[in-house]
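Visitor: I'd like to go over a predicted model; first the sequence, then the structure.
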Amino acid sequence: MKKFYLMLLATILALVLAACGGDDSSDEGADNTENGEETASSGEEEEDGESVSAEAGEEVFQTNCAGCHGQDLSGEAGPDLTEVGSAYSQDEIADIVANGTDGGMPAFSDMEDDDLEELTEWLSEHK
C-alpha cells in the first residue's frame with residue numbers, strides 16, 4: 001500500500017511540476033509593435049524603478065512558480081512563500097531557485113539571470 005501512495009504522490013508531483021514549466025511564449029528579439037506603432041513593455045512607463053522591478057518579479061513568479069506555490073504565494077503543492085523574505089535573504093532564495101532542494105523544489109538552473117534577479121528581489125521583500 002505504501003508503494004501505491006508513493007506512486008500517487010509521484011504522479012501528482014509530476015503533473016504539478018509540468019504546470020510549473022517555463023513560458024513558451026518567449027518573444028526574444030521581437031519588437032514591441034502593435035499595428036506599426038511601438039508599445040511599451042508592461043510597467044516601463046512608470047518612472048519608479050522599484051515598481052517596474054517588482055512587477056517584473058511578480059510576472060516571473062506567476063509564470064514559473066505560481067503553479068506550485070499559489071498565485072498569492074500561500075502554497076499549494078509547494079510551501080507558503082508569503083513571508084519567505086523573513087526566512088531567507090535574496091541570495092539564499094536565488095540559490096534555492098537555481099539549485100533546488102532535496103525536499104522537492106526543482107532546480108531552475110536555466111532561468112535567465114535577469115529573471116532570477118527580479119524574482120528573488122521580489123520574493124525577498126515578502127516579510
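Guide: Now that the structure is in, tell me what you want to look at.
Visitor: where do the strands sit along the chain?
Guide: For the chain, strands defined by DSSP state E occupy the ranges 33-34, 37-38.
Visitor: give me the low-pLDDT residue ranges for this protein?
Guide: Along the chain, the model assigns pLDDT under 70 to residues 2, 4-52.
Visitor: if we use 80, what do you get?
Guide: In the predicted model of the chain, residues 1-53 satisfy pLDDT under 80.
Visitor: mind jotting down where the helices sit in it?
Guide: All helices of the chain, identified by DSSP state H, fall at 2-19, 49-64, 66-69, 84-87, 90-99, 113-124.
Visitor: which residues touch the fourth one?
Guide: Residues external to helix 84-87 that are found in contact with it (Cβ atoms under 8 Å, 6 or more residues apart in numbering): 73, 93, 123-127. The C-beta positions use only the backbone N, C-alpha and C, and glycine is treated the same way.
Visitor: for N64, state which of those is nearest.
Guide: L123 (11.5 Å; Cβ to Cβ).
Visitor: run through the residues that contact that closest one.
Guide: With Cβ under 8 Å, 6+ apart, L123 has these contacts: 57, 61, 81, 84-85, 90, 93.
Visitor: Q90 too?
Guide: With Cβ under 8 Å, 6+ apart, Q90 has these contacts: 120-121, 123-124.
Visitor: which of these sit farthest apart?
Guide: The distance between the two most remote of the contacts of Q90 (Cβ to Cβ) is 7.5 Å, for E121 and L123.
Visitor: gap between T101 and E55?
Guide: Applying Cβ to Cβ, to the nearest Å, the value for T101 to E55 is 27 Å.
Visitor: settle it for me: which of these two has more neighbours?
Guide: A count of neighbours by other Cβ atoms under 10 Å puts E55 above the other of T101 and E55, at 17 against 11.
Visitor: distance-wise, check the residue nearest to D80 when sequence neighbours are not counted relative to S109.
Guide: In space, and not counting its chain neighbours, D80 is closest to S74: 5.5 Å by Cβ to Cβ, 6 or more residues apart in numbering. Taking Cβ to Cβ as the measure, S74 falls 26 Å from S109.
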